[in-house]
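Chemist: Here is a sequence with its predicted model. Questions after.
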Amino acid sequence: MPVILAFDVYGTLINTHGIVAILEKWLGNDAQAFSQTWRDKQLEYSFRRGLMQNYQSFAVCTRNALDYTCNFYRISLSKEQKQALMDGYKTLPAFDDTANALAQLKDAGFKLYAFSNGTKEAIEMLLAGAGIRPFFDGIVSCDDLKSFKPNPAVYCHFLRESGATHNQAWLISSNPFDVIGAISTGMLSVWVQRSHNAIFDPWDVEPTAVIKSLKELKSLLPKPN
């Protein structure tokens, strides 16, 4: 039976805090805190738009969150500086463990998909820039449904697009809300605990497995046949 892997992109394969290198030029020691607030607000805006059924693309959520974060920290960035940050978000780096882990999984016969809130065009550019696009059999975007994770409909959309059944499909994500969303829809899921400070939400829903690094994936997944 084929084993189909749905990889979350932002925060799982791609390091969203790669933007800190640009932020440090203007914010110095405040860059890391700014990056975290920006990321948190980006996700909050996607949740709120999903609940309100007031869809705008993930890029719009990202830009709105950037404006909020500037106001929160009372930082005045020029139009050009903000555009440089938005452009930087299109070329974020992969985590150090990403490429080797994907190569091993691909060689072992797993079917790999990128599954993201971002548009297909944005994810194509992001994966290509990080040098990992060739590992993937396809990209599935929540933008197709004009919604965001963890709406149950987007996980069902992934299953349809990939041709997978619930017991064939594994979501791989560092985001607890994403893992809970997938499991609640009947998928299997691995939580990638990328920080020892990361806490899984106490919702009486547990990941199928927990790993610290993508390097651990191949040994815990069932072998495809």
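Modeler: Cool, the structure landed.
Chemist: hey, let's count contacts and neighbours off CA atoms from now on
Modeler: Noted.
Chemist: tell me the contacts of Lys25?
Modeler: If you count contacts by CA atoms under 8 Å, 6 or more residues apart in numbering, Lys25 has none.
Chemist: So for Gln32, what's the nearest residue that isn't a sequence neighbour?
Modeler: Distances taken as CA to CA, 6 or more residues apart in numbering place Val20 nearest to Gln32, at 6.1 Å, with adjacent residues excluded.
Chemist: With Phe158 instead?
Modeler: Computed as CA to CA, 6+ apart, the closest residue to Phe158 that is not its neighbour in sequence is Val140, at 6.2 Å.
Chemist: tally of neighbours for the one you found?
Modeler: Using other CA atoms under 10 Å, Val140 has 25 neighbouring residues.
Chemist: how near is Asn71 to Thr165?
Modeler: When distances are taken as CA to CA, to the nearest Å, Asn71 and Thr165 turn out to be 45 Å apart.
Chemist: ok, now Asn64?
Modeler: With distances taken as CA to CA, Asn64 is found 36 Å from Thr165.
Chemist: Need the CA coordinates for the helix-or-strand element of the chain with minimal mean pLDDT. CSV is fine.
Modeler: For the chain, using mean pLDDT, DSSP states H and E, the weakest element among its helices and strands is helix 20-27, scoring a mean of 93. Taking only C-alpha atoms (Å, rounded to 0.1, in the frame of the first residue of the first chain), the coordinates of helix 20-27 have been written out as CSV:
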residue,chain,number,x,y,z
VAL,A,20,15.5,37.5,11.2
ALA,A,21,18.6,38.1,9.1
ILE,A,22,16.8,40.9,7.2
LEU,A,23,15.1,42.2,10.4
GLU,A,24,18.4,42.5,12.2
LYS,A,25,19.6,45.2,9.8
TRP,A,26,16.9,47.5,11.1
LEU,A,27,15.9,46.1,14.5
